[in-house]
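In: just coords:
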């Protein structure tokens, strides 16, 4: 690359670094945006045509609330096609910052098509794959990056996390030792090593590393958040073993760590959500509800916002505050309606409120989105039976029994047979007629059911229809006489 191109790349990366490092503080973000614009202005002076230049400019102007300049920069960006590896890489960075990981991967791959040795594209492919839960793919990307720059500590730091995700702890610790030998950033080393220790449930080592990281960079919230999560899991494991005397103080330490994390980063949704989870375990429902609400207000991910409202709904439901529970469940579905559990819980609330039609609809929604469960069919069967939908109820009783044998369901279905046999038969004959209107036997059967139910006029009408649909006994051959006989009875 020419000196001009190399200088352009350095200036753009400096601008990009200003935008990223600002964090969430509004004043810092504006100051960083102004600094980024200074680097961008210098890059413009080099005369290099690049799509990412106006894209980065638009981000900076947006942070300064300058909509006119932002829109002007975006219009310029639309007129330029990305072409260089740097273009694609920085477009990938923009998508990654917004948590659009698949889109980011697409841009990084395009950067590699232009320059197969583009180290930072490979490094960030690994990061995206790791965040997407694809540890094997992340390891492949990091290993390829290491082949290009074997003395770059960052790849060993992040590959260690991917190995830990696969429970390959020996390899993870070896990578961390290699990174330490390469003089990796001490703070990043401690945070990542703490994460590996946490994954292998070496809690004392994990907390020691997170604590050391917090002392190195006391303004950062991540070590405190990680300590809170580590204390929580350690306490959980003790509580499950019945060691409540030991778990209680650890839960309190978790709360203290998370509160500190929130003080250092008040916009971090995860810290509120984890603190709420601990408060829930300690029976502090009011505090938990407040924290789940704070988490939802700050959470950019719709599915995670929905999860917070789901937890709020469950607490209200347990407290028998049914309308509050419904409101929370509706808020959950408003953010993400893909979780079948929310529909099932809503059905239970509707049923308790004797709102049968809504309970029926919610259970049906669960069965559309989730796996078939006997309890759900049982619940819907009881609601349908109570609403007079006996045939639908019978079908649900039968499906519930297919999924899970139950003496209670056999009893319920048995009583339905005894008490609603004629109605069930009527519904079957009616459906048979709708499917095959030319079968006289179906009319005869429905007419008989109507007689048993006292609908004599309807029975006569069905008998007449049966005769009309019947051919002569001779035309039907042996057995055809039954249609005339049944109609006459």
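Out: Cool, the structure landed. Quick caveat: nothing in here was measured; it's all calculated off a predicted structure.

In: and residue 383, how far from residue 429?
Out: Distance, residue 383 to residue 429, using Cβ to Cβ, to the nearest Å: 25 Å. Using the backbone N, CA and C atoms, a C-beta is placed for each residue, glycine as well.

In: over to residue 84?
Out: Taking Cβ to Cβ as the measure, residue 84 and residue 429 are separated by 74 Å.

In: any regions of the stretch 51-200 of the chain where pLDDT drops low?
Out: Across the stretch 51-200 of the chain, nothing is flagged by pLDDT under 70.

In: strands of that one, residue ranges please.
Out: Counting by DSSP state E, counting those that start in this stretch, the stretch 51-200 of the chain forms no strands at all.

In: residue 383 and residue 429: which is more packed in?
Out: Remark: of residue 383 and residue 429, residue 383 carries more neighbours, 26 against 22, as counted by other Cβ atoms under 10 Å.

In: give the contact list for the more buried one.
Out: 351, 356, 359, 360, 363 (Cβ atoms under 8 Å, 6 or more residues apart in numbering).

In: which strand or helix spans it?
Out: In this structure, residue 383 sits in helix 374-386 according to DSSP states H and E.

In: in that helix, what's buried?
Out: Across helix 374-386, burial judged by 16 or more other Cβ atoms under 10 Å covers 374, 376, 377, 378, 379, 380, 381, 382, 383, 384, 385.

In: roughly how far does the last one sit from residue 360?
Out: It stands for residue 385. 11 Å.

In: would you agree residue 175 is in contact with residue 163?
Out: Yes - Residue 175 is within contact range of residue 163, at 6.5 Å (criterion: Cβ atoms under 8 Å).

In: higher neighbour count, those two?
Out: Comparing residue 175 with residue 163 by other Cβ under 10 Å, the one with more neighbours is residue 175, at 28 against 23.

In: and that one, how far from residue 192?
Out: Distance of residue 175 to residue 192, given as Cβ to Cβ: 9 Å.

In: over to residue 437?
Out: Counting by Cβ to Cβ, the gap from residue 437 to residue 192 is 72 Å.

In: list phi and psi for the residue most central in space within the chain.
Out: Nearest to the geometric centre of the chain sits residue 303, at 4.3 Å (Cα atoms, centre = their mean). Main-chain dihedrals, residue 303, degrees, to the nearest 10: phi -60, psi -40.

In: from residue 467, how far out is it?
Out: Remark: distance between residue 303 and residue 467 (Cβ to Cβ) = 62 Å.

In: what residues sit buried inside stretch 204-219?
Out: So, applying 16+ other Cβ under 10 Å, buried residues of stretch 204-219: 205, 206, 207, 208, 209, 210, 211, 212, 213, 214.

In: with stretch 441-456 instead?
Out: For stretch 441-456, the neighbour count (16+ other Cβ under 10 Å) marks 441, 442, 443, 444, 445, 446, 447, 448, 449, 450, 451, 455 as buried.

In: who has more neighbours, residue 437 and residue 192?
Out: Using other Cβ under 10 Å as the criterion, residue 437 and residue 192 rank with residue 192 on top: 26 against 11.

In: pretty sure the more buried one sits against residue 159.
Out: No - using Cβ under 8 Å, residue 192 makes no contact with residue 159, being 9.9 Å away.

In: how many residues are close by residue 301?
Out: Neighbours of residue 301 using other Cβ under 10 Å come to 12.

In: and the pLDDT for it?
Out: With respect to pLDDT, residue 301 has a value of 89.

In: likewise residue 212?
Out: For residue 212, the pLDDT comes out at 98.

In: for the one 4 residues further on, same thing?
Out: We have a pLDDT of 96 for residue 216.

In: any idea how far it is from residue 190?
Out: Note on residue 216: its distance to residue 190, by Cβ to Cβ, is 7 Å.

In: what sits against the residue nearest to the centre of the chain?
Out: Applying Cβ under 8 Å, 6+ apart, the residues near residue 303 are 335, 336, 338.

In: residue 56: which of those residues is nearest?
Out: The shortest approach to residue 56 among the contacts of residue 303 belongs to residue 335, at 30.9 Å (Cβ to Cβ).

In: ranges for the helices of the stretch 351-489 of the chain?
Out: Under the criterion DSSP state H, counting those that start in this stretch, helices of the stretch 351-489 of the chain are mapped to 356-369, 374-386, 390-403, 407-435, 440-452, 456-469, 473-476, 481-488.

In: for the stretch 51-200 of the chain, that is, sorry about that
Out: In the stretch 51-200 of the chain, the segments counted as helices under DSSP H, counting those that start in this stretch are 52-63, 67-78, 85-97, 101-114, 119-131, 135-148, 153-165, 169-181, 186-199.

In: in CSV: those, plus distance to residue 266.
Out: As requested, those are exported to CSV (distance: least, Cβ to Cβ, whole Å):
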stretch, distance to residue 266
helix 52-63, 19
helix 67-78, 26
helix 85-97, 20
helix 101-114, 26
helix 119-131, 24
helix 135-148, 31
helix 153-165, 27
helix 169-181, 31
helix 186-199, 20
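
In: any idea which of those helices is most buried?
Out: helix 153-165 (a mean of 24; mean count of other Cβ atoms under 10 Å).

In: so residue 443 makes contact with residue 432?
Out: No - counting by Cβ under 8 Å, residue 443 sits too far from residue 432 to count as a contact (9.4 Å).

In: figure out how far stretch 440-448 is from the centre of its chain.
Out: 52 Å (Cα atoms, centre = their mean, to the nearest Å).

In: scratch that, stretch 200-212 is what I was asking about
Out: With Cα atoms, centre = their mean, you get 29 Å for stretch 200-212.

In: for stretch 282-299, same thing?
Out: With Cα atoms, centre = their mean as the basis, the mean position of stretch 282-299 lies at 18 Å from the chain mean.

In: one step back: buried subset of the contacts of residue 303?
Out: The neighbour-count test (16+ other Cβ under 10 Å) marks 335, 336 as buried among the contacts of residue 303.

In: so which of the contacts of residue 303 are in helices?
Out: Among the contacts of residue 303, the members found in helices (DSSP state H) are residue 335.

In: now, among the contacts of residue 303, which is nearest to residue 233?
Out: Proximity of those to residue 233 (Cβ to Cβ) peaks at residue 336, which lies at 25.8 Å.

In: looking at it, that closest one is touching residue 302, isn't it?
Out: Yes - with contact defined as Cβ under 8 Å, residue 336 and residue 302 form a contacting pair (4.9 Å).

In: who's in contact with residue 128?
Out: Residue 128 neighbours (Cβ under 8 Å, 6+ apart): 96, 101, 104, 105, 108.

In: in contact with the last one, which residues?
Out: In other words, residue 108. Contacts for residue 108 (Cβ under 8 Å, 6+ apart) come out as 88, 89, 92, 121, 122, 124, 125, 128.

In: quick check, the second one in contact with residue 121.
Out: Yep, that's residue 89 we're talking about. Yes - Residue 89 lies in contact with residue 121 (Cβ under 8 Å); the separation is 5.3 Å.
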